[in-house]
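Asks: Take a look and give me a structure for this.
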Amino acid sequence: MTIHLQQAIWGAGAVHVGIVAANIPLPGRLRVRERLAGVPRFVRQIFYVHWIYIVLVVGMFAALCFGFSAELAGASALGRFLSGFMAAFWLLRSALQIFYYDRSVRRENWQLDMLYVGSLAVLVCVFGVAALTPR
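Replies: Here you go, the predicted model:
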C-alpha cells in the first residue's frame, strides 16, 4: 500500500462528493417533474426514493474513501473487496451511461455527460488498481 494510492482514494472521495452535489440541481435540469407528470404517483414515488437512496450510497462511498482510505488501498481483505465492488459498480454504471441512456438527452447535456463519464473512468481506475494491488 502506498501513500499515493491512499491519496488517489481521497481524490475518488472528492469525485463522489461531486456526484452527490451534482444530483442536487440535476432533477431540475433534466425536467424530471415534467417528464414524470404522466406516470402513476406510486411509480414516481419509487423513482424518487431510489434516486435518494442511490445518492445516499454514493455519499457513503465518499465517507469510506475519506475514513478508510488505507483499508481500501489494500491494508485489509475487506478493503480490497470493497474497492473491487466499487470498481465493478462504477464500471457497470459507465456502461449504462454510454450504451443505455437516451443519446438525445446525453447530447443535450454533453458537457455534463463528458464530465460524468470521465469521473466514472477515474473511479473505475482508482478502485480497480486498489483492488488488484497485492498486499
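
Asks: Okay, now the unreliable bits of this protein?
Replies: Along the chain, the model assigns pLDDT under 70 to residues 1.

Asks: roughly how far apart are the closest residue to Arg107 other than its chain neighbours and Gly13?
Replies: Of all residues not flanking Arg107 in the chain, Asp113 sits nearest, at 7.9 Å (CB to CB, 6 or more residues apart in numbering). For glycine as for every other residue, the C-beta is placed from the backbone atoms N, C-alpha and C. Distance of Asp113 to Gly13, computed by CB to CB, to the nearest Å: 22 Å.

Asks: Determine the three-state secondary structure at the most far-flung residue of the chain relative to its centre.
Replies: Largest separation from the mean C-alpha position in the chain: Gly38, at 28.7 Å (CA atoms, centre = their mean). Classification of Gly38 by DSSP: H, G, I helix; E, B strand; the rest coil places it in coil.

Asks: Would you enumerate the residues in contact with it?
Replies: Gly38 makes no contacts at all, as judged by CB atoms under 8 Å, 6 or more residues apart in numbering.

Asks: go again using 10 Å as the cut-off
Replies: Arg44 (CB atoms under 10 Å, 6 or more residues apart in numbering).

Asks: what's the answer for Phe127, then?
Replies: Residues in contact with Phe127, defined by CB under 10 Å, 6+ apart, are 8-9, 12, 61, 65, 72, 80, 82-91.

Asks: Make a ChimeraX selection of the buried ones in the residues you listed.
Replies: To isolate the buried members of those in ChimeraX, using 16 or more other CB atoms under 10 Å:
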select :8,9,12,61,65,72,80,82,83,84,86,87,89,90,91
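
Asks: Surely Asn23 and Val57 touch.
Replies: No. Counting by CB atoms under 10 Å, Asn23 does not reach Val57; the two are 11.5 Å apart.

Asks: In the chain, which helix is the longest?
Replies: Secondary structure of the chain read by DSSP state H shows that its longest helix is helix 41-67.
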